[in-house]
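Chemist: I need the structure of the sequence given here:
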Amino acid sequence: MSYDVLIKNGTVVDGTGAPRQRADVAIAGGKIAAIGKVTEGAKRVIDASDLIVTPGFVDPHTHYDAQICWDPMFTSSSWHGVTSLVMGNCGVGLAPCKPEAREIAAWDLVNVEAIPFDVLAKGVTWDWTTFPEYMNAAQKRGVGLNVGFMAPLTPFRHFVMGEESMDRAATPEETAKIKALIREAMQAGAMGLSTTNGPQHIGYQGRPLACRLSSREELTAYCNVLKELDRGVIELALNDSPSMVSESDYDLLNHLLTESNRPVTWLALLNRDDKPELCLETLHQTESLLKRGAIPQVTCRPLIIQINLRNPFIFANMPSWKPAFNQTVETQINLYRDAAFRTAFRKALQEPRIFSDKTLWSRLNVKEVNNPAMKSLEGKSVAQIAQDRRADSLDTFFELAIEDNLDIQFTMELFNADESRIPELITDSRTMIGLSDGGAHVDMLCDAGYCTYLIGTWVRDRSAMTLEHAVRRITSEPASFFGLKDRGRLAVGMAADVTIFDYNTIGSGKRA
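Modeler: Residues are numbered from 1 along each chain as shown. All right, here's what the predicted structure looks like:
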């Protein structure tokens, strides 16, 4: 017998948590045909001596909804061993979509996921109207990885309600139509439903992302689709106050679990400097939900973001910033000069959700400028520059942006800045490792390399967990959550999704 591919002499870590073993892996017809000592030949032989052989990594949280049109390899995820990914998260996406709503859908992605409008205008093919047609278009176009599609609630509401979807709840008649479309998507192969109630998730014209206006009656109807089909999962972004689950958040999670009778993953648990024990407190607070199938997502990296004032997504949860979105540079500069706008921002910082006026300016650094006269400021904090100028830090922040015609890039460690607190989250079985946001926020961050960071940093360099445990956390665990029965493990009969790497060199820098 001759196999299609034979991976010889590798150290196999199978994704179950079982001890590693030296073995060959034979592949035939796209499936794993044998693991052990293989003596037969193959059309292609890969020498994996001194290398680790694992299941392909599974990324549960990406936003390649538009990038799928021009990049079949889903960079940067594919560079880091990811072979399966889930997109259509946070209730935002491009299908279903009527031709007259294409601009609305595009601006939703601009505002929520920071994907430039010009890129969307030139790159999105729009060779679909319905959600099944969107999935079929991807299949016809061809993709290099396994792609799982969540049904994002916002475009479904747009499809039935038009622009009123951004103003109100659906009527019973509209709810029935939206429910029918979600059922159609699920029957076509969607993996579940996604939504958000995060106030920073604003869409077209700075209006609330449509899914945020769903009534409980609506959510009941949509969740019931999953209950009636007895499959699928729900993804929910809870981002009003990161890592905190308020009473209303708890009630919403409970509602989704009850009405769908399916697992729910929510975003996110991230360590905060101002409340270092909050993540563990939240896990304790939500224990009864966790036992019923809820699971929060965490990341293994410090969350380092870039901030620019052309697309100020990071401030979108502050109502005073609404006029800054989707405007010309000239309009934005005039707004940032306005004393009333600055006063409103200063007041908002006194009631911090993400930022605190006490810590923001000392941690916010100038990363890059376009104005040659400002090059000496790169690497300095806003607080330091304000001190040098004998000026107020908030005023200095806006003046720097204006002096560089809004091209300036700021950077800061927003969450997980204390890396000593990361292991307690990534080793906890009550959490899911993910949050790469692959394809989104490319002007702010790129955490698509979290899988290689996990192994290089937390396994090899810092011994926070075993290799077997780390591989299981990014393969079989997310695969099981999403019902990917033939992925996430190396075993005979499973799909031949394989990642091979050098344990001595694998890794991803903080700022990759």
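
Chemist: Show me where the stretch 201-350 of the chain dips below the pLDDT cut-off.
Modeler: Applying pLDDT under 70 to the predicted model, the residue ranges of the stretch 201-350 of the chain that meet it are 239-240.

Chemist: quick one, helices of it?
Modeler: For the stretch 201-350 of the chain, the helices identified by DSSP state H, counting those that start in this stretch occupy 216-229, 247-260, 278-285, 287-290, 329-337, 339-348, in order along the chain.

Chemist: what's the answer for the stretch 401-512 of the chain, then?
Modeler: 423-426, 450-453, 467-473, 476-481.

Chemist: What angle do helix 216-229 and the lengthiest helix in the chain make with each other?
Modeler: In the chain, taking DSSP state H as the definition, the longest helix is helix 172-188. When axes from the mean of the first three to the mean of the last three C-alpha atoms, to 10 degrees is applied, the directions of helix 172-188 and helix 216-229 differ by 30 degrees.

Chemist: And helix 172-188, how far out from the chain middle?
Modeler: Centroid separation for helix 172-188 versus its chain: 25 Å, with C-alpha atoms, centre = their mean, to the nearest Å.

Chemist: likewise stretch 501-510?
Modeler: The gap between where stretch 501-510 is centred and where its chain is centred comes out at 22 Å by C-alpha atoms, centre = their mean.

Chemist: And stretch 169-186, by the same measure?
Modeler: Chain-centre distance of stretch 169-186: 26 Å, with C-alpha atoms, centre = their mean.

Chemist: Which positions in it come out as buried?
Modeler: Neighbour-count burial for stretch 169-186 flags 169-170, 174-175, 178-179, 181-186 (criterion: 16 or more other C-beta atoms under 10 Å). C-beta coordinates here come from the backbone N, C-alpha and C atoms, glycine included.

Chemist: Contacts made by that stretch with the rest, please.
Modeler: Defining contact as C-beta atoms under 8 Å, 6 or more residues apart in numbering, one finds that stretch 169-186 is touched by 96, 130-132, 149, 151, 156-157, 159-161, 190, 192-193, 213-215, 217-218, 221-222, 224-226, 228-229, 231-232.

Chemist: pLDDT of the longest helix of the chain, averaged?
Modeler: When pLDDT is averaged over helix 172-188, the result is 98.

Chemist: List just the nearest of the buried residues of stretch 169-186 to residue 377.
Modeler: residue 169 (47.9 Å; C-beta to C-beta).

Chemist: so what's the residue nearest to residue 36 when sequence neighbours are not counted up against?
Modeler: Of all residues beyond its chain neighbours, the one nearest residue 36 is residue 23 (5.3 Å), with distances taken as C-beta to C-beta, 6 or more residues apart in numbering. Contact analysis of residue 23 by C-beta under 8 Å, 6+ apart lists 10, 12, 35-37, 53.

Chemist: quick revisit: continuing past the longest helix of the chain, what's the next helix or strand?
Modeler: Beyond helix 172-188 on the C-terminal side, the first helix or strand identified by DSSP states H and E is strand 192-196.

Chemist: Compute the inter-axis angle for that next one and helix 247-260.
Modeler: What separates the directions of strand 192-196 and helix 247-260 is an angle of 160 degrees, with the same axes, to 10 degrees.

Chemist: Send me strand 192-196 as CSV with only the CA atoms.
Modeler: Listed in CSV are the C-alpha atoms of strand 192-196, where the atom choice follows Å, rounded to 0.1, in the frame of the first residue of the first chain:
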residue,chain,number,x,y,z
GLY,A,192,-24.3,28.9,15.4
LEU,A,193,-25.4,32.4,16.2
SER,A,194,-23.3,35.4,17.2
THR,A,195,-24.3,38.7,18.8
THR,A,196,-23.0,41.5,21.0
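
Chemist: so what strands line up beside it?
Modeler: As defined by DSSP bridges, the strand partners of strand 192-196 come to strand 146-152 (parallel), strand 233-237 (parallel).

Chemist: What is the distance between the last one and the centre of its chain?
Modeler: In other words, strand 233-237. Averaged C-alpha coordinates place strand 233-237 at 12 Å from its chain's average position (C-alpha atoms, centre = their mean).

Chemist: Run through who's touching it.
Modeler: Counting by C-beta under 8 Å, 6+ apart, strand 233-237 makes contact with 61, 89-91, 150, 191-198, 201, 223, 226, 252-253, 256, 260, 262-268, 481-483, all of which sit outside it.

Chemist: could you flag which of the residues you listed are buried?
Modeler: Using 16+ other C-beta under 10 Å as the burial test, the contacts of strand 233-237 include 61, 89-91, 150, 191-198, 201, 223, 226, 252-253, 256, 260, 262-268, 481-482 as buried.

Chemist: Remind me which helix or strand residue 384 belongs to.
Modeler: Counting by DSSP H and E, the element that carries residue 384 is helix 382-389.

Chemist: Not counting that helix itself, show me its contacts.
Modeler: Outside helix 382-389, the residues touching it (C-beta under 8 Å, 6+ apart) are 360-362, 364-366, 377, 392-393, 395-397, 400, 410.

Chemist: swap in stretch 69-78?
Modeler: The set of residues external to stretch 69-78 that reach it, using C-beta under 8 Å, 6+ apart, is 59, 62, 64, 67-68, 82, 85, 123-125, 141-145, 147, 436, 438-439, 446, 448-449, 512.

Chemist: so where's the stretch 351-500 of the chain shaky on pLDDT?
Modeler: Low-confidence segments of the stretch 351-500 of the chain (pLDDT under 70): 352-358, 441-445.
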